[in-house]
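[1] sequence first, predicted coordinates after that:
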Amino acid sequence: MEYRSLGKSGLTVSAVGFGAWAAGGVWWGEVEDREAMAAMQRAFDLGVTLFDTAPAYGFGHSEELLGRALGPHRSELIIATKFGLDWSAGRRIGELRRDASRQRILQEIDDSLRRLKTDYIDLYQQHWPDPSTPLEETMTTLLELQQAGKVRHIGVSNFDVPLLEEALRYAPIASLQPPYSLLRRDVEAEILPFCQQNGIGVLVYGPLQHGLLTGKFTPEHVFAEDDFRAMRPEFQGEQYLRNLRIVDMLEPIAAAHGVTVAQLAIAWTLMHPAVSCALVGAKRPSQVEENVGGAGWRLTEDEMQRIEEILAMP
């Protein structure tokens with residue numbers, strides 16, 4: 001496994017991290033607890049040190065599984081979790097409410113610590129911006145938790161540059177977690193350069209675009225009703241067919257390195273100098289084994305240029 005610095009936080013993280021959204025068993029179709037926990041253990045065995053979860057992933061279930069699976073290895077892990085999503089009004093994605101208020105944070109931190117079977121969180125992240133709560137209130141509360149020893153480092157997720165600038169006025173921000181993949185590159189324009197210039201580590205999520213870049217889908221694939229991907233635009237109509245064509249064209253480049261398209265997609269995100277870690281989800285050990293193969297090697301300049309040409313095709 002390859003390891004990288006998380007900005008100027010002082011943390012060293014595995015270049016591939018374990019994303020535990022799917023392991024929570026909600027919005028991803030059927031997931032077996034035993035297999036999800038085995039995937040976490042396999043990731044640890046293969047050198048993954050950063051495990052990213054959130055209360056909203058399975059409504060606490062993902063955190064509980066992580067605590068059960070890797071509790072004995074706590075001192076060897078970097079556990080990243082989040083706060084700020086309230087599901088009391090409903091458990092469908094569109095029903096979750098953003099709440100990063102002081103009261104909500106103080107409730108969530110103790111619930112997460114209990115579920116994770118730990119007394120501190122290495123990286124505590126605001127899951128989404130909350131326009132209803134002043135950012136100063138959120139950040140000063142996190143500073144108090146840091147001073148109390150419950151939180152080692154403060155992170156944010158899905159923030160743009162103006163929000164990052166504001167957050168830095170109130171607290172040291174160790175990391176940002178944005179979406180980033182071959183098929184979703186908007187963060188390259190401003191967000192990644194800002195993080196690089198300001199020593200903010202970047203944990204990218206969705207490097208496989210929710211599985212689309214694994215090469216395992218066909219035009220005939222039908223998602224289950226409880227799989228959130230059934231509603232995602234990149235899995236619909238002509239956009240879906242174009243994405244499948246891109247995957248087909250990436251296969252020769254992957255084959256030249258003896259890797260899969262999924263491993264190429266992960267390696268591509270890790271080529272950006274601002275990126276510290278690619279968070280990749282897994283529901284079973286075999287997926288973990290493939291994911292970790294995305295680290296430890298590099299694409300050539302010619303290959304990066306060829307990929308740009310492929311992505312520019314209509």
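    Looks like it arrived, so ask away. Every value quoted in this text rests on a predicted model; they were computed, and no experiment measured them. Numbering: from 1, shown residues only.
[2] so which elements touch the lengthiest helix in the chain?
    Assignment by DSSP state H gives helix 237-256 as the longest helix of the chain. Other helices and strands packing on helix 237-256, by 3 or more C-beta pairs under 8 Å, 6 or more residues apart in numbering; DSSP states H and E, are helix 261-270, helix 301-311. From N, CA and C alone the C-beta is placed, and that goes for glycine too.
[3] what stretches of the chain score poorly on pLDDT?
    Within the chain, the ranges that satisfy pLDDT under 70 run 26-29, 88-95, 220, 224-228, 230.
[4] for the residue nearest to the spatial centre of it, name its beta-bridge partners.
    The geometric centre of the chain, computed from its C-alpha atoms, lies nearest to Tyr205 (C-alpha atoms, centre = their mean), at 3.2 Å. Beta-bridge pairing for Tyr205 (DSSP bridges): Pro179, Leu279.
[5] next, the contact list for it, please.
    With contacts defined as C-beta atoms under 8 Å, 6 or more residues apart in numbering, the neighbours of Tyr205 are Gly19, Asp52, Ser157, Gln177, Pro178, Pro179, Tyr180, Leu279.
[6] kindly recompute the last result at 6 Å.
    Contact analysis of Tyr205 by C-beta atoms under 6 Å, 6 or more residues apart in numbering lists Gln177, Pro179, Leu279.
[7] so the last one sits against Gly206, correct?
    No. Using C-beta atoms under 6 Å, Leu279 makes no contact with Gly206, being 8.1 Å away.
[8] one step back: now, of the contacts of Tyr205, which are buried?
    The neighbour count (16 or more other C-beta atoms under 10 Å) marks Gln177, Pro179, Leu279 as buried among the contacts of Tyr205.
[9] out of the residues you listed, flag the one nearest to Ile200.
    When these are compared for distance to Ile200 (C-beta to C-beta), Gln177 comes out closest, at 10.6 Å.
[10] not counting sequence-adjacent ones, nearest residue to Tyr3?
    In this structure, Tyr3 finds its nearest non-sequential neighbour in Thr12, 5.2 Å apart by C-beta to C-beta, 6 or more residues apart in numbering.
[11] neighbours of that neighbour, how many?
    For Thr12, the count of nearby residues is 13 (other C-beta atoms under 10 Å).
[12] tally of neighbours for Pro252?
    If we define neighbours as other C-beta under 10 Å, then Pro252 has 9 of them.
[13] relative to Val259, how far out is it?
    Going from Pro252 to Val259 by C-beta to C-beta, to the nearest Å gives 12 Å.
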